[in-house]
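> Here's a sequence, model it:
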Amino acid sequence: MDIKEFYLFKPNRFFKREKIEFDYESPSFLYGFSLFETVKLKGGNIYFFKEHMKRLKRGIEILDMDISINSIEDILLKFIKRHQIIDGVIRISLYIHYNSILLILKFSPPFSKENSPLSAFMFNWDYPLNVNPLLKSGNFLAYHLSLKKALYNNCDIALILRKKEAVEFSIGNLLFEKAQKYFTPPLKVGCLNGIMRNFLLREKIVEEKTISKEILGEIDGLYLINSVRLINPVKELKGEKINLNFENPGFEEIRGKILDAISFQVF
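Numbers count the residues shown, from 1 in each chain. The predicted structure follows:
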């Protein structure tokens, strides 16, 4: 069952609301002027809590939203306690609403396919994906279009390519395996600096390396990574006369490294 709560932030105080009127003149609606983070809970712990709050705080500063990250943290923790949430996912969203700031917390049950192999469809997008790779805004047009195309072609996710280079997936960053080593594309290709991506680089579990469309067939494994799913193997890649299958020999190894490394990254 999903749970949702609404809060309006006016000078120095949040006001809880049962429902929110639609603000059709809001820059959040007109221009995608919004922020969000999606956090994973397991066993009563929040994965990468500090990292998510740090990125949200950076976004608040970039968009000049007059709101305290400490207030958001406090409301989030009370939300978890009040609804006795142990496992699942919470999306934290911030919007401009009638000259105030709207905070929406939405809880959803855990994903049922957290470790399941996925099929991917190649999607070409030769435009910038992100205004700022350090900012997770609500302006996700390329990702939505790519996912729509993937679902139309009976695939789970899309692999976005820009200027013949693999950038990331429609719902997470990209990890590939070659000769028992793991790599993720650098930010210069246009990908988001995801929480899991940044964590794996910091822990020196992966390295940065570009991957062109031409060498996709030469890699040993392909993986989706994000802070909610952690890691999913990609079993096949379709599109543009390409139909590749991956054995993903290092899946259990890289998944084990991730689980070991994040054991102390919970709140």
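> low-confidence ranges in this protein?
Scanning the chain for pLDDT under 70 picks out the ranges 264-267.
> Mark out where each domain of it begins and ends.
For the chain, whose domains are defined here by automatic domain parsing, the residue ranges read 3-108, 118-264.
> Next one: E168 relative to A120, how far apart?
Here the distance between E168 and A120 works out to 11 Å (CB to CB, to the nearest Å). No exception for glycine: its C-beta is placed from N, CA and C like everyone else's.
> Report how many residues lie close to P128.
The burial metric for P128, expressed as a neighbour count using other CB atoms under 10 Å, is 11.
> same thing with V39?
Residues near V39, counting by other CB under 10 Å, number 23.
> State the phi and psi torsions of the closest residue to C191 other than its chain neighbours.
Nearest in space to C191, with sequence neighbours left out and distances taken as CB to CB, 6 or more residues apart in numbering, is E168 at 4.2 Å. Torsion angles at E168 (phi, psi; degrees, to the nearest 10) stand at phi -170, psi 180.
> E168 bridge partners, please.
Beta-bridge partners for E168, by DSSP bridges, are I160.
> so it makes contact with P186?
No - applying CB atoms under 8 Å, one finds E168 not in contact with P186, separated by 11.4 Å.
> From the contact counts, what lies against the helix or strand encompassing V39?
Assigned by DSSP states H and E, V39 belongs to strand 34-42. Under the contact definition 3 or more CB pairs under 8 Å, 6 or more residues apart in numbering; DSSP states H and E, strand 34-42 sits against helix 49-62, strand 88-97.
> now for whichever helix or strand comes after the longest one, which elements pack on it?
What that stands for is helix 49-62. Tracing the chain past helix 49-62, the next element assigned as helix or strand by DSSP H and E is helix 69-82. For helix 69-82, the contact count by 3+ CB pairs under 8 Å, 6+ apart identifies strand 3-10, helix 49-62, strand 88-97, strand 100-108 as packing neighbours.
> Is the closest residue to L187 other than its chain neighbours in a helix, a strand, or coil?
Distances taken as CB to CB, 6+ apart put P133 closest to L187, at 4.7 Å, once the chain neighbours are dropped. Of the three states, P133 takes coil according to DSSP: H, G, I helix; E, B strand; the rest coil.
> hang on, P133 packs against V189?
No - between P133 and V189 there is no contact under CB under 8 Å: 9.6 Å.
> Those two: who's more crowded?
In this comparison of P133 against V189, neighbours counted by other CB under 10 Å, the higher total goes to V189 at 20 against 17.
> What separation is there between the more buried one and L8?
In this structure, V189 and L8 are 39 Å apart, going by CB to CB.
> again, but for F15
F15 sits 5 Å away from L8, taking CB to CB as the criterion.
> higher neighbour count, those two?
Here F15 and L8 are compared on neighbour count by other CB under 10 Å; more neighbours surround L8, at 16 against 10.
> My guess is that one contacts K19. True?
No - checked against CB under 8 Å, the pair L8 and K19 is beyond contact range at 11.4 Å.
> In three-state terms, label the closest residue to L222 other than its chain neighbours for me.
For L222, ignoring the flanking residues on the chain, the nearest one in space by CB to CB, 6+ apart is V234 at 4.2 Å. Under the three-state scheme (three-state DSSP), the conformation of V234 reads as strand.
> And for V234, the neighbour number?
Residue crowding around V234 was assessed by other CB under 10 Å; the count is 25.
> Could you pull up the residues touching it?
Contacts of V234 were listed using CB atoms under 8 Å, 6 or more residues apart in numbering, and they are P117, L118, S119, A120, I157, L159, L222, Y223, L224, F246, N248.
> Quick one: those as TSV, columns for neighbour count, secondary structure and distance to S146 too.
Formatted as TSV, the entries for the contacts of V234 read as follows, by neighbours: other CB atoms under 10 Å; DSSP: H, G, I helix; E, B strand; the rest coil; distance: CB to CB, whole Å:
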residue	neighbour count	secondary structure	distance to S146
P117	14	coil	19
L118	21	strand	14
S119	16	strand	14
A120	27	strand	10
I157	21	strand	8
L159	25	strand	8
L222	26	strand	16
Y223	26	strand	17
L224	24	strand	13
F246	22	coil	19
N248	20	coil	22
